[in-house]
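# I need the structure of the sequence given here:
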Amino acid sequence: MFQQPQPGRKVMTISDAFQSRLPNIPQAPNARTGLHSSDFAARHTTPPKFWADRTLSPYVTRAEAALQTQAVRREILGNYMPSMERTFNIRSKADVARAASLYFLHPANIALVAAHPDVDIECLLEISSTGNHVRPDIIYTVKGRVFAVVKFEIMGVIVRGEFDEARLPMTASTSKVNSMIQAAMGNQDRTTFGGNAAKIVKQMAQYSQKHHFNTQYVALFNWDLLFLSVFNSDTTESIHGSLVNRTASDGNNLLKAFFGWLLEAYENLGQSNLSAPGKSGRGASTQGAEAGPGTPQRPAQLQYGPGQIPIAMRTRTQQQAKEEESFNGKGKGRK
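Alright, predicted model coming up:
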């Protein structure tokens, strides 16, 4: 847990932060716990019907490999975390965003840029998609292309039970998947996500659409819970997700998991290599050979030079090849 530096005690480095839980920040008794109303388009976006529970292992393994490289270690050991402010008290979504900027996004961003120093990566606040008013809290871009989106919510809005209702293991059988889809079709929102979760995943699905931000990597964070989602490459009926509780046993890996998720999103150009579970030939990632829970992905960044994005192990169109060449500094190069 983050603590105020004591006399004679060293301050916390970013490296230390990756080994620690996020700090406890109290929620004000009169905090706003209602969900903001979504716009018309979000309300009419088709949500995923369920989520396949992806282990944290691929993200944590990828993060730990990157954190051990010389370039990243130099930055995370030479930069420090801000001290906890006693003024902090979470009473709105804006307070979550402020705390996240200091203690959640900051260390991940320092490590991300250190892992890819020759590429201009941007972390931008409240940028609207072209020609409309869809505006997530955070987008990550490289050369103008969005590869990840982060959505904040207030404490109390995200209820784990509402997500658990829609959960299936990655190894779920075809019959289990079909049963979940049938259950979703019987609900008003056409999803097995319950309560606020149904509304939230509709917004997340909207961010992922091609005419908005065109990335399949969308995360949800309310300080106590982090939901790392990856929309599947072959269907909109389900997503892969990893739900992390800051105060639970896996809370120590929350920041590493987010960093690993960011690395994967960047390296995949924001496009998923995951397929829906429960169908022949599906449920495995074509990058990292994720055959099931607990199987770590190959840390792709170790196989390439600084600033390069590995070519995903998939059949590519000519347009994808051009985009990858541009991202890797080939062709016209960086401006």
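# Tell me who's in contact with Ser238.
By Cβ atoms under 8 Å, 6 or more residues apart in numbering, the contact set of Ser238 is Pro48, Lys49, Phe50, Trp51, Ala52, Leu168, Val177, Asn232, Ala276, Pro277. From N, CA and C alone the C-beta is placed, and that goes for glycine too.
# just checking, the last one touches Ser175?
By that I understand Pro277. No - applying Cβ atoms under 8 Å, one finds Pro277 not in contact with Ser175, separated by 11.9 Å.
# So for the two, which sits in the more crowded spot?
In this view Pro277 and Ser175 are compared by other Cβ atoms under 10 Å, and Pro277 has more residues nearby, 26 against 9.
# need the contact list for the more buried one.
Here Pro277 is in contact with Ala52, Leu168, Pro169, Met170, Thr171, Ala172, Val177, Ser238, Gly283 (criterion: Cβ under 8 Å, 6+ apart).
# mind running it again at 7 Å?
Shown in contact with Pro277 (Cβ atoms under 7 Å, 6 or more residues apart in numbering): Ala52, Leu168, Met170, Thr171, Ala172, Val177, Gly283.
# between these, which has the most around it?
Ala52 (27 neighbours).
# Any idea how many residues pack against Gly186?
Counted with other Cβ under 10 Å, the neighbours of Gly186 add up to 8.
# Please renumber the chain so that the first residue is 468 from this point on.
Sure, I'll start numbering at 468, so the last one becomes Gly653.
# From Gly745, how far off is it?
The spacing between Gly653 and Gly745, counted by Cβ to Cβ, to the nearest Å, is 19 Å.
# now do Thr522
Distance from Thr522 to Gly745, by Cβ to Cβ: 17 Å.
# what about those two, which has more around it?
Each of Thr522 and Gly745 has its neighbours counted (other Cβ under 10 Å); Gly745 has more, 24 against 18.
# you'd agree the more buried one is up against Ser642?
No - using Cβ atoms under 7 Å, Gly745 is not in contact with Ser642; the gap is 8.0 Å.
# where do the helices sit along the stretch 568-717 of the chain?
With helices called from DSSP state H, counting those that start in this stretch, the stretch 568-717 of the chain shows them at 573-582, 627-631, 641-652, 662-675.
# helices and strands around the second one, which ones?
Going back to what we said before, that points to helix 627-631. Counting by 3 or more Cβ pairs under 7 Å, 6 or more residues apart in numbering; DSSP states H and E, the packing neighbours recorded for helix 627-631 are helix 662-675.
# what helices or strands is the helix it packs on leaning on?
Packing partners of helix 662-675 (3+ Cβ pairs under 7 Å, 6+ apart): helix 507-510, strand 612-619, helix 627-631, strand 684-688.
# Redo the helices of the stretch 568-717 of the chain as TSV? Include mean pLDDT and distance to Ala532.
Output for those, formatted as TSV (pLDDT from 0 to 100; distance: least, Cβ to Cβ, whole Å):
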stretch	mean pLDDT	distance to Ala532
helix 573-582	97	10
helix 627-631	93	29
helix 641-652	94	32
helix 662-675	90	27
